[in-house]
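**Q** Just to be clear, the model below is a prediction. Sequence and coordinates:
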Amino acid sequence: MSHCHDGSCGHAHDDDDHVKPGEGQQDLLYSCINRDGVIALNEETPGSGVKVLKPYDQRASEDEYLESSADDQLILYIPFTGSVKLRSMMLKTGPADQTPSEIHLYVNRDDLDFDAANELSALPDTATAAAGGQGRPAQKLTSIPVTRDPVEIPLKPAKFPDVRSISLFVPSSVGGDTSRIYFVGFKGEHRQMRREGPTNIIYEAAPSLKDHQKVKGTEAGASSFGQGQ
């Protein structure tokens, strides 16, 4: 499990002298991910969701991947060990027709299931919720490159200023029966807690599945979920 130290997730500085092995300047948030709390819905192989959250130097590896099961929809819930501000998302998908057609990003939603994601994502972009993430997707990535190479996709920082968790919803692939993702990473900065703030704030280190009653697919037989409504 990754841990934050001194509010920096293991990265108090941006210079290379303080970067951990396997991490580059473009992978500063790898250590801020709470890997024990990662949940994937409609995954073909149980536990494969967390395996695509790789160190930066493994971004091109195809040894591990997340692939959908019942159809081409996926939800990947990624909690952080604290609050982060996101600037871009790094991604490696494919091959070819298994590339996601779009990826919709939901901020601070631990109750997202396929019914809600399909309903909210169908709303027009003009109705997209403001920063804070409650409700509609904070941003829709509608031009996912069809390539086997890792790519970096800019995000709108104003929509991701205080992110404690992010959910990736893949509504469909570009043409395949399933969707596949090899690598997901984030670029941004960790937000340190104010010293004068409340001292009794508790962050959930490892969300228990029984605490997420609204998340479909986390119980036994999870791979049966994910069919578009």
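**A** Cool, the structure landed.
**Q** Counting neighbours, which bits of the top strand by length along the chain end up buried?
**A** Ordering each strand of the chain by length in residues (DSSP state E) puts strand 74-93 first. Across strand 74-93, burial judged by 16 or more other C-beta atoms under 10 Å covers 74-93. From N, CA and C alone the C-beta is placed, and that goes for glycine too.
**Q** helices and strands around it, which ones?
**A** Counting contacts by 3 or more C-beta pairs under 8 Å, 6 or more residues apart in numbering; DSSP states H and E, strand 74-93 is packed against strand 39-41, strand 151-154, strand 163-170, strand 180-191.
**Q** Extract the CA atoms of that strand and return them as PDB.
**A** Presented in PDB, the C-alpha positions along strand 74-93 are these (Å, rounded to 0.1, in the frame of the first residue of the first chain):
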ATOM      1  CA  LEU A  74     -15.800  -0.500 -17.600                       C
ATOM      2  CA  ILE A  75     -15.700   1.500 -14.400                       C
ATOM      3  CA  LEU A  76     -12.400   2.000 -12.600                       C
ATOM      4  CA  TYR A  77     -12.600   3.600  -9.100                       C
ATOM      5  CA  ILE A  78      -9.200   5.100  -8.000                       C
ATOM      6  CA  PRO A  79      -8.900   6.600  -4.500                       C
ATOM      7  CA  PHE A  80      -6.000   8.700  -3.400                       C
ATOM      8  CA  THR A  81      -4.300   8.800   0.000                       C
ATOM      9  CA  GLY A  82      -5.100  12.500   0.300                       C
ATOM     10  CA  SER A  83      -6.300  15.400  -1.900                       C
ATOM     11  CA  VAL A  84      -4.600  16.000  -5.300                       C
ATOM     12  CA  LYS A  85      -5.000  18.400  -8.100                       C
ATOM     13  CA  LEU A  86      -4.900  16.800 -11.500                       C
ATOM     14  CA  ARG A  87      -3.400  18.300 -14.700                       C
ATOM     15  CA  SER A  88      -3.300  15.300 -17.100                       C
ATOM     16  CA  MET A  89      -4.000  11.600 -17.300                       C
ATOM     17  CA  MET A  90      -1.500   9.100 -18.900                       C
ATOM     18  CA  LEU A  91      -3.000   6.200 -20.800                       C
ATOM     19  CA  LYS A  92      -2.200   3.100 -22.800                       C
ATOM     20  CA  THR A  93      -5.100   1.200 -24.300                       C
END
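**Q** between that strand and strand 180-191, how many degrees?
**A** For strand 74-93 against strand 180-191, the angle by axes from the mean of the first three to the mean of the last three C-alpha atoms, to 10 degrees is 90 degrees.
**Q** Please name whichever of the helices and strands packed on strand 74-93 is nearest to residue 70.
**A** Closest approach to residue 70 among those is made by strand 39-41 (10.2 Å; C-beta to C-beta).
**Q** Neighbouring strands of that closest one in the sheet, and parallel or not?
**A** Counting by DSSP bridges, the strands paired with strand 39-41 are strand 74-93 (antiparallel).
**Q** Tell me what angle the helix or strand following the strand it pairs with forms with strand 74-93.
**A** Next helix or strand after strand 74-93 toward the C-terminus (DSSP states H and E): strand 103-107. Orientation check (the same axes, to 10 degrees): strand 103-107 against strand 74-93 gives 120 degrees.
**Q** what does strand 103-107 contact?
**A** With contact meaning C-beta atoms under 8 Å, 6 or more residues apart in numbering, strand 103-107 is reached by 89, 91, 112, 117, 120-121, 131-133, 137-141, 144, 155, 159-160, 163, 165-171.
**Q** neighbours of the spatially closest residue to residue 54 that is not a sequence neighbour, just the number please.
**A** Residue nearest to residue 54 in three dimensions, not counting chain neighbours: residue 183, with 5.6 Å by C-beta to C-beta, 6 or more residues apart in numbering. Neighbours of residue 183 under the rule other C-beta atoms under 10 Å: 24.
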